[in-house]
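**Q** Everything below, folded, please.
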Amino acid sequence: MVNKIFMIATFVGVPLSVIGTLMHWSSILMFIIYCLTIVALSSFMGRATESLAIVAGPRIGGLLNATFGNAVELIISIFALKAGLVGVVLASLTGSVLGNLLLVAGLSFFVGGVKFKRQSFNVFDARHNSGLLMFAVIVAFVIPEVFSYEMTKGETLSMSVGISIILMALYLAALFFKLVTHRGVYQHSEGGNEHEEEPEWSQKKSLLILVLATLAVAYVSENLVHTFETVGESFGWTELFIGVIIVAIVGNAAEHASAILMAYKNKMDIAVEIAVGSTLQIAMFVAPLLVLISLLFDTKMPLVFTMPELIAMVTAVLLTIIISNDGETNWFEGLTLLAAYLIMGIGFYLL
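**A** Sure, this is the predicted structure:
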């Protein structure tokens, strides 16, 4: 039933997005159409990556989900950079970190915990990811903010470029570690019947749908960016709120849906890999890549966040590490993460 609704929304939303853009419909109306269309397209991306995850395993499946899910946000951010909306891009990166660690993980733990009293996942992966989260957010994001007070804009940008290259190199090394040199070293068996499950689509069909959905999202996202200014003025939303909450939720809709579905099926390894793996990809690959891409545009983007953004991200990382480091979860821990997200959401709305 839900899949039919998303299918109808996709086949209605994509043509409406094209027609509305060509006929210059109201920005507020188009903002709603664009957002709903991206969410509907993201559902197809989620189903395709779920099919691939059954064939390829939880780590590669989670990585694929995070990558194609983050592709949506990357596309939105590139067009926002081109439009000079650096504040929106930095805020959307913050929103992705908060959304994945608190909203996605929180909903996954809560939904899965309601059905199963106790759920477990690979504790070794959790601890490995904890170290990377600490490095990516607390070291690589905080250091530029602190040092930038004593630097010129040019020096800050140079430092951001250097840090970005280091982050991307370490992220690629982390993938090599998990998928090549230490693949299968820390095994963990889940309670589900994933080996008996049949994928919804074949591997070729899944990849084709992923590519087509990503191309459609790219078109819709480019037009979505042009509605931000009008929508912000109409509803009294700041660039910070649009980026942290709206863009982050819409841009990460694919992994939101997939992670919750995996948790409901008691496939916590995949759910955690999507939530935490997506955060690591945002912090260690997408954000640095956007810094480098911004060098091609008139407005450059240093890797310097505002103090509220930094404090929110550091808090989310520490809370996630404390909750997930034992390799087990339940509905109350999920509710704790959701409560933290709501508190931060109120703060960013009123800021």
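
**Q** Isn't S164 up against L292?
**A** Yes - contact criterion CB atoms under 8 Å: S164 and L292 qualify, at 5.9 Å. C-beta here means a position set from N, CA and C on the backbone, and glycine is covered the same way.

**Q** Give me the phi and psi for A83.
**A** phi -80, psi 0 (degrees, to the nearest 10).

**Q** Next up, the contacts around the residue lying closest to it once chain neighbours are set aside.
**A** Closest residue to A83 apart from its sequence neighbours, by CB to CB, 6 or more residues apart in numbering: V225 at 5.7 Å. When contacts are counted by CB atoms under 8 Å, 6 or more residues apart in numbering, V225 touches I76, F79, A80, A83, L85.

**Q** element containing the third one, please.
**A** Secondary structure here is read from DSSP states H and E; on that basis A80 sits in helix 58-82.

**Q** quick one: contacts for the closest residue to S77 other than its chain neighbours?
**A** Spatial nearest neighbour of S77, excluding adjacent residues (CB to CB, 6+ apart): V89 at 4.7 Å. By CB under 8 Å, 6+ apart, the contact set of V89 is S77, A80, L81, G243, L290, M301.

**Q** burial count for the first one?
**A** Pointing back at S77 there. Residues contacting S77 under the criterion other CB atoms under 10 Å number 31.

**Q** How far off centre is the helix or strand hosting S42?
**A** In the assignment (DSSP H and E), S42 maps to helix 27-56. Distance, stretch centre to chain centre, for helix 27-56: 13 Å (CA atoms, centre = their mean, to the nearest Å).

**Q** the inter-axis angle of it versus helix 58-82?
**A** Helix 27-56 runs at 150 degrees relative to helix 58-82, counting by axes from the mean of the first three to the mean of the last three CA atoms, to 10 degrees.

**Q** ok, back up a step: would you reformat the contacts of V89 as JSON lines and include pLDDT and distance to P308?
**A** As requested, the contacts of V89 are exported to JSON lines (pLDDT from 0 to 100; distance: CB to CB, whole Å):
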{"residue": "S77", "pLDDT": "86", "distance to P308": "20"}
{"residue": "A80", "pLDDT": "86", "distance to P308": "20"}
{"residue": "L81", "pLDDT": "90", "distance to P308": "21"}
{"residue": "G243", "pLDDT": "79", "distance to P308": "12"}
{"residue": "L290", "pLDDT": "95", "distance to P308": "20"}
{"residue": "M301", "pLDDT": "93", "distance to P308": "18"}
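
**Q** Buried ones only from the residues you listed, please, as a PyMOL command.
**A** Buried subset of the contacts of V89, written as a PyMOL selection, criterion 16 or more other CB atoms under 10 Å:
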select buried, resi 77+80+81+243+290+301
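
**Q** closest to V180 among the contacts of V89?
**A** Distance to V180 across the contacts of V89 (CB to CB) is lowest for L290, with 26.8 Å.

**Q** Show me what the strand or helix carrying the closest one is packed against.
**A** For L290, the enclosing helix or strand under DSSP H and E is helix 287-294. Other elements packing on helix 287-294 under the criterion 3 or more CB pairs under 8 Å, 6 or more residues apart in numbering; DSSP states H and E are helix 58-82, helix 86-98, helix 153-176.

**Q** Please repeat the previous calculation with a cut-off of 7 Å.
**A** Helices and strands touching helix 287-294, as assessed by 3 or more CB pairs under 7 Å, 6 or more residues apart in numbering; DSSP states H and E, comprise helix 58-82, helix 153-176.

**Q** possible to save these as TSV with distance to S43?
**A** Formatted as TSV, those follow (distance: least, CB to CB, whole Å):
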stretch	distance to S43
helix 58-82	11
helix 153-176	26
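
**Q** Lowest average pLDDT across these?
**A** Mean pLDDT per stretch puts helix 58-82 lowest among the helices and strands packed on helix 287-294, at a mean of 76.

**Q** Taking helix 153-176 as reference, get the angle to that one.
**A** Going by the same axes, to 10 degrees, helix 58-82 is angled at 160 degrees with respect to helix 153-176.

**Q** Next, the contact list for M262, please.
**A** M262 makes contacts with I270, A271, I274, as judged by CB atoms under 7 Å, 6 or more residues apart in numbering.

**Q** How many neighbouring residues does R47 have?
**A** Neighbourhood size, R47 [other CB under 10 Å]: 23.

**Q** Check whether it really touches E200, as I assumed.
**A** Yes - judged on CB atoms under 7 Å, R47 makes contact with E200 at a distance of 6.0 Å.

**Q** re earlier: higher neighbour count, S164 and L292?
**A** S164 (22 against 14).
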